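The following block contains a protein sequence and its predicted model.
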Amino acid sequence: MAEGLFREMYKVHLDKPFPQLYYHNFFLWAKEGMPKADMYSQRSVSHCNCKCFQQAVLDGNLALQERANWAEAWGRKGEAYTADQHSEYRDWKMATKCFTRAVDLEPDNSSFQEGLRYA
């Protein structure tokens, strides 16, 4: 069951490199019954770490489809938009929008505030 869920959630990303460790963690999260929004959010971070920013944004969107008012998902998406300077996915306007929403939802979160200042 967990592997089937992983394959369903991962199908749009099969053409990009993805370290085995993240695959393993994602499989374990699905097996343990982690909510989809949490898995998408965690995978978004993994994609940012791999410099797969388009996939990070897509997973941020998927997390927000599951849980629209979740500050963490807005923050993950903001991180993806403040991508590597050589990435075509860097978008300061969208990053500002995402971090603003995250700060609105969690005003005391210093990492969201820092992300908003950076954007």
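Here it is on my side, so go on.

Spatially, and excluding backbone neighbours, which residue is closest to residue 91.
The shortest distance from residue 91 to any non-neighbouring residue, by Cβ to Cβ, 6 or more residues apart in numbering, is to residue 81 (4.7 Å). Bear in mind the C-beta positions are built from the backbone N, C-alpha and C, glycine included.

which secondary element of this structure has the worst mean pLDDT?
Across the helices and strands of the chain, mean pLDDT, DSSP states H and E gives its lowest value to helix 2-10, namely a mean of 49.

List the residues that contact residue 66.
Residues near residue 66 by Cβ atoms under 8 Å, 6 or more residues apart in numbering: 35-37, 40.

Give me the neighbour count for residue 119.
19 (other Cβ atoms under 10 Å).

My read is that it contacts residue 99, right?
Yes - look at residue 119 against residue 99 with Cβ atoms under 8 Å: they come within range, at 5.4 Å.

Quickly find the element holding residue 72.
If you go by DSSP states H and E, residue 72 is part of helix 71-81.

Take that helix, keep the C-alpha atoms, and write them as PDB.
The C-alpha coordinates for helix 71-81 follow below in PDB (Å, rounded to 0.1, in the frame of the first residue of the first chain):
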ATOM      1  CA  ALA A  71       1.900  28.000   7.100                       C
ATOM      2  CA  GLU A  72       4.600  25.400   6.700                       C
ATOM      3  CA  ALA A  73       3.500  24.600   3.200                       C
ATOM      4  CA  TRP A  74       3.400  28.300   2.300                       C
ATOM      5  CA  GLY A  75       6.900  28.600   3.700                       C
ATOM      6  CA  ARG A  76       8.200  25.600   1.800                       C
ATOM      7  CA  LYS A  77       6.800  27.100  -1.400                       C
ATOM      8  CA  GLY A  78       8.500  30.400  -0.600                       C
ATOM      9  CA  GLU A  79      11.800  28.600  -0.100                       C
ATOM     10  CA  ALA A  80      11.500  27.000  -3.500                       C
ATOM     11  CA  TYR A  81      10.900  30.400  -5.100                       C
END
